[in-house]
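[1] Sequence and predicted structure are below.
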Amino acid sequence: MIDPKDEFTLKNPQASMLDDSDPIRNDDYTRRDHGGLISVHNGMDAILKNDKLYNAMKGNWQRVGYNASGNIKTTTGREDGKFYIRNEQANYQAVIDRCRRYREAAEQGVPDPLAPLRDDGKLAYKWMDLPFVVEQAISDKYFGGMRWSTIKRDRTLKAQFYKVVEREYPQFVCYPGGKLPIPIDVPYPTPQGSKRFFAGM
């Protein structure tokens, strides 16, 4: 009989390179204020200093595009010597209405078959439904531009994000009663540029 370890090695010729350590992540690369096509973070600014295209882009300009769904308009450009990105969401009010209808149904006891299960095995309810522009606004104001997909990997940051949604954007809370069942008690995050009174940001 083949040893399972040997079978694993046979199926994975690179198995000797695998180990039990987790990969090291640098979450700075998920921030919107870090990196980009031309920025001081990635050195492209210095490299392209004498590039013909870069010099042609030095004046004021803008470009408009839409996402695949057509509901987010992204305007990129340069104004007064600074690059910018602006996002506008067309279905903002529709998301608010969808959250309100969901919360009303949840408060009447209508189950959501797509909702996650609670610890007792019963169906729970969706916590929130955020438009992209709101997620971006919270991220930029409190988390230095770090994306929600990165924030939710850390329990403390995730709980702080939920607190901001609950207090500042209650119209996007889907949970019955409008209060999120945040599992851990964390301090409310301070906006970027303010003095911080806690570690972890």
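    Received, thanks. Numbers count the residues shown, from 1 in each chain.
[2] okay, CA-based contacts and neighbour counts for the rest of this
    Fine.
[3] mind listing the strands for the protein?
    For the chain, applying DSSP state E gives strands covering 61-66, 72-79, 82-89.
[4] winner for burial among these?
    strand 72-79 (a mean of 16; mean count of other CA atoms under 10 Å).
[5] quick revisit: switch the strands of the chain over to a markdown table, and while doing so, append mean pLDDT and distance to residue 170 to every line.
    Shown next, in a markdown table, are the strands of the chain (pLDDT from 0 to 100; distance: least, CA to CA, whole Å):
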| stretch | mean pLDDT | distance to residue 170 |
| --- | --- | --- |
| strand 61-66 | 88 | 27 |
| strand 72-79 | 87 | 22 |
| strand 82-89 | 85 | 18 |
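[6] how about the ones you listed in JSON lines, adding distance to residue 165?
    What follows is the strands of the chain, written out as JSON lines (distance: least, CA to CA, whole Å):
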{"stretch": "strand 61-66", "distance to residue 165": "26"}
{"stretch": "strand 72-79", "distance to residue 165": "20"}
{"stretch": "strand 82-89", "distance to residue 165": "18"}
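[7] Between these, which one is closest to residue 164.
    Set against residue 164 and scored by CA to CA, these come closest in strand 82-89, at 19.9 Å.
[8] Note down every partner strand of the closest one and its orientation.
    When pairing is defined by DSSP bridges, strand 82-89 lines up against strand 72-79 (antiparallel).
[9] got the domain boundaries for the protein?
    Following automatic domain parsing, the chain resolves into domains at 26-88, 92-178.
[10] Worst mean pLDDT among the ones you listed?
    Ranked by mean pLDDT, the domains of the chain bottom out at domain 26-88, with a mean of 72.
[11] got the end-to-end distance for it?
    29 Å (CA to CA, to the nearest Å).
[12] One more: stretch 172-180?
    End-to-end span of stretch 172-180 (CA to CA): 11 Å.
[13] Please consider this matter closed, and thank you.
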